[in-house]
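K.L.:
Structure, please.
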Amino acid sequence: MSYHARNKGGLKKVYSNTALSDGIDCNPSPGKLYTGEGFIVLGPVSSVNPTLEIYFRNSSGKLVKGFIEPSNVENMIYSGVKVNSSVVGTNYRFKLRRNLSIVDKNNYVQFVLNAGNYIYTNTGTAGKTQKENLAINAYKKDGKITYYNGFVRLHYSAGSMLSSNFDLIAE
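P.N.:
You can find the predicted model right below:
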């Protein structure tokens, strides 16, 4: 199952192949992940190779595929604020840095949630067909928490650093 993650620490080189090498027969590295940078984990390459296949924002601002070592990778939800709500129980809350679409399981836009409002999640799960989507359990708009079993559509092209330019703020 794919999920949204962040690099917990240290500069991490992204490779273009599962061998995690820049050998003479391999394509050049598509980029790097910086500490605190968000990305999407598609999963391990295989049951015997723990190398992670990922989507990440490269230096050109495009979401591209790459491969990384599995160390210092953490589910993005743990960057959020852990809260307990009577509406959805224990979840991780994120504030929207910009207006984002709330979509259903078929990726149809239901409405737009404005910057400054909140989403709640407890899985970090990415969408099956639209990997940029993040599963949510609820949203908070105009001070009211509303249960919602769907997704928020994230835009990694706008930035992927959780501390400065990503769509979500841990607040």
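K.L.:
For the chain, give me the ranges with low pLDDT.
P.N.:
19-28 (pLDDT under 70).
K.L.:
Domains of it: list them as residue ranges, please.
P.N.:
Listed domain ranges for the chain are 3-75, 76-169 (source: automatic domain parsing).
K.L.:
Dump those domains to JSON lines, plus mean neighbour count.
P.N.:
C-beta here means a position set from N, CA and C on the backbone, and glycine is covered the same way. JSON lines is the format used below for those (neighbours: other Cβ atoms under 10 Å):
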{"stretch": "domain 3-75", "mean neighbour count": "16"}
{"stretch": "domain 76-169", "mean neighbour count": "17"}
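K.L.:
got the contact list for the residue nearest to residue 114 when sequence neighbours are not counted?
P.N.:
Excluding its sequence neighbours, the residue lying closest to residue 114 (Cβ to Cβ, 6 or more residues apart in numbering) is residue 99, at 5.2 Å. Residues in contact with residue 99 (Cβ atoms under 8 Å, 6 or more residues apart in numbering) are 112, 113, 114, 115.
K.L.:
Pretty sure the first one sits against residue 103.
P.N.:
Translated: residue 112. No - Residue 112 lies out of contact with residue 103 (Cβ atoms under 8 Å); the separation is 10.3 Å.
K.L.:
And the helices in the chain?
P.N.:
Applying DSSP state H to the chain gives no helices.
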